[in-house]
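Visitor: with the input below, show me the fold.
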Amino acid sequence: MTRTPPGRPLRADAERSVRAILAAAERVLAETPGASMEQIAEAAGVTRTTVHRRFANRQALVDALATGAAAKLAEAIEDGHPGTAPPLVALHRATANVLRVKAAWGFALGPAVAQSERAARTHDEIAGRCLELLARIREQGVIAADADLEWVRRVYYALIGEVTHGTAATAGAVAADADPDVLAARIVDTLLHGVGPRTTR
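Guide: Just a heads-up that it's a prediction; the model follows:
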């Protein structure tokens, strides 16, 4: 939690400072999870005092990082228009957007970060939006009528997770080398059609 009083907007220069600190924290902590506030301040090009003025302690900084990244993830999904676009188009676009955000904020969205309460609420809302989109896809007959959508959602998340948070030798290489749209198409195809042989009509 930052030291700025609730409901009081940051000045433009303070907001830029916070953005720089959070971006630096993502870079530094992705490489060295145990990095200190001093290391983060150095990477952000600000003094340690500036970091402590914005964030009470290291955990507050990590919480803010997780909350901000979760918000970016929610925005990426909404950019796919999951409630109004054709369902499969929305799923593909949202998936590609999610991969882009996860590539940029891998530490903040990774399994090593304990979610703040606000971040957890955002992730719950994202899961709800995902279930709504999967329900729209099921209505089109692409997903079996008796499919457990919560299970489908978990499988979908697992596919994304394997791309973004698998072993360094696999997921990192795939994420670095492949276009998010190409990866999204593979994830969606695997989710909806599996890996068995395709029947031809």
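
Visitor: residues in contact with stretch 55-74?
Guide: Residues from elsewhere that reach stretch 55-74, judged by C-beta atoms under 8 Å, 6 or more residues apart in numbering: 1-3, 18, 21-22, 25-26, 29, 36-37, 40, 51, 98, 101-102, 104-105, 107-109, 113-116, 118-119, 122-123, 125-126, 129. C-beta coordinates here come from the backbone N, C-alpha and C atoms, glycine included.

Visitor: which members of these are classed as buried?
Guide: The neighbour count (16 or more other C-beta atoms under 10 Å) marks 1-2, 18, 21-22, 25-26, 29, 37, 40, 51, 98, 101-102, 105, 107-109, 113, 115-116, 118-119, 122-123, 126, 129 as buried among the contacts of stretch 55-74.

Visitor: from the residues you listed, which land in helices?
Guide: 18, 21-22, 25-26, 29, 37, 40, 51, 98, 101-102, 118-119, 122-123, 126, 129 (DSSP state H).

Visitor: show the subsequent helix or strand relative to the lowest-mean-pLDDT helix or strand in the chain.
Guide: Ranked by mean pLDDT, DSSP states H and E, the weakest helix or strand in the chain is helix 173-177, scoring a mean of 50. Downstream of helix 173-177, the first helix or strand assigned by DSSP states H and E is helix 180-193.

Visitor: put the alpha carbons of that following helix into CSV.
Guide: Extracted as CSV, the C-alpha positions of helix 180-193 are listed here (Å, rounded to 0.1, in the frame of the first residue of the first chain):
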residue,chain,number,x,y,z
PRO,A,180,1.4,-13.8,-29.2
ASP,A,181,-1.3,-14.1,-31.8
VAL,A,182,0.2,-17.4,-33.0
LEU,A,183,0.5,-18.7,-29.4
ALA,A,184,-3.1,-17.6,-28.7
ALA,A,185,-4.3,-19.6,-31.7
ARG,A,186,-2.5,-22.7,-30.5
ILE,A,187,-3.8,-22.3,-26.9
VAL,A,188,-7.4,-21.8,-28.1
ASP,A,189,-7.2,-24.7,-30.6
THR,A,190,-5.8,-27.0,-27.9
LEU,A,191,-8.5,-25.9,-25.4
LEU,A,192,-11.4,-26.4,-27.8
HIS,A,193,-10.2,-29.3,-29.9
